[in-house]
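*Asks:* pasting a predicted model and its sequence here:
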Amino acid sequence: MRTLLLKSLLASPVTEPAPAPSEAALAEVAARVDEAACRLLGRSLAIRHVDAGSCNGCELEIHALHNPFYDLERFGFRFVASPRHADVLLVTGPVTKNMREALERTYAATPEPKWVVAAGACAADGGMFKNSYAVTGGVSSTVPVHLHIPGCPPSPRALLEGLLALMER
Ligand code: SF4
């Protein structure tokens, strides 16, 4: 026991170092999204996240947008609790049969103008769950999609760049 304790105290961590941050590039992308949203909507962007059946890998990256490193809200973005307050539905995962109606109702409850962003490979076409008996397919099988963000999962930076592409269309 003592040997094991000593070994764990002396061993170096097995985690990989984080990629070097590029605060300036991140701030530039985020500021451009906010500027485009203000031009289009007269205010910052409100995003409602919908997990339509994800493995939660995509959610971890979306949650990272709130952590002290990315701190998305300093640029004006808000994740809102109700689709009635949202401009963008950010949908992750393949659409499972259990979540299909919930996604349709969330889409119907979102006021115009509204955009749907499908984030991740599963949201594009079902991804690795494509042929599952429990899955209807990608997000576009249920609601119209304005933008796909590729990746499994997409990084926080890719999510931001996707929102920017959407606003600049
Ligand atoms: S794209 Fe990858 S991380 Fe996202 S829900 Fe599918 S399997 Fe999970």
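*Replies:* Great, that's in hand. Numbering: from 1, shown residues only.
*Asks:* spatially central residue for the protein, please.
*Replies:* residue 62 (4.3 Å; Cα atoms, centre = their mean).
*Asks:* doesn't that residue belong to a helix?
*Replies:* Yes: looking at residue 62 with DSSP: H, G, I helix; E, B strand; the rest coil, it is inside a helix.
*Asks:* was I right to think it contacts residue 92?
*Replies:* Yes: judged on Cβ atoms under 8 Å, residue 62 makes contact with residue 92 at a distance of 7.1 Å. For every residue, glycine as well, the C-beta is placed using N, CA and C.
*Asks:* this protein: helices as residue ranges?
*Replies:* Per DSSP state H, the chain has helices spanning 2-10, 23-41, 57-64, 97-109, 121-125, 156-168. These are given in chain order.
*Asks:* touching the longest one from outside, list them.
*Replies:* For helix 23-41, the surrounding residues in contact (Cβ atoms under 8 Å, 6 or more residues apart in numbering) are 43-45, 70, 72, 75-77, 87, 113, 157, 160-161, 163-164, 167-168.
*Asks:* just to revisit the earlier point, can you list residues touching both of residue 62 and residue 92?
*Replies:* With Cβ under 8 Å, 6+ apart applied, the overlap between the contact sets of residue 62 and residue 92 consists of 49, 119.
*Asks:* how far does stretch 123-140 stretch from start to finish?
*Replies:* By Cα to Cα, to the nearest Å, the extent of stretch 123-140 from end to end equals 8 Å.
*Asks:* now mean pLDDT too, for the helices of the chain, in a markdown table please.
*Replies:* Rendered in a markdown table, the data for the helices of the chain read as follows (pLDDT from 0 to 100):
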| stretch | mean pLDDT |
| --- | --- |
| helix 2-10 | 84 |
| helix 23-41 | 74 |
| helix 57-64 | 92 |
| helix 97-109 | 95 |
| helix 121-125 | 93 |
| helix 156-168 | 82 |
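*Asks:* most tightly surrounded among these?
*Replies:* Per residue and on average, the most neighbours among the helices of the chain fall to helix 121-125, with a mean of 24 (mean count of other Cβ atoms under 10 Å).
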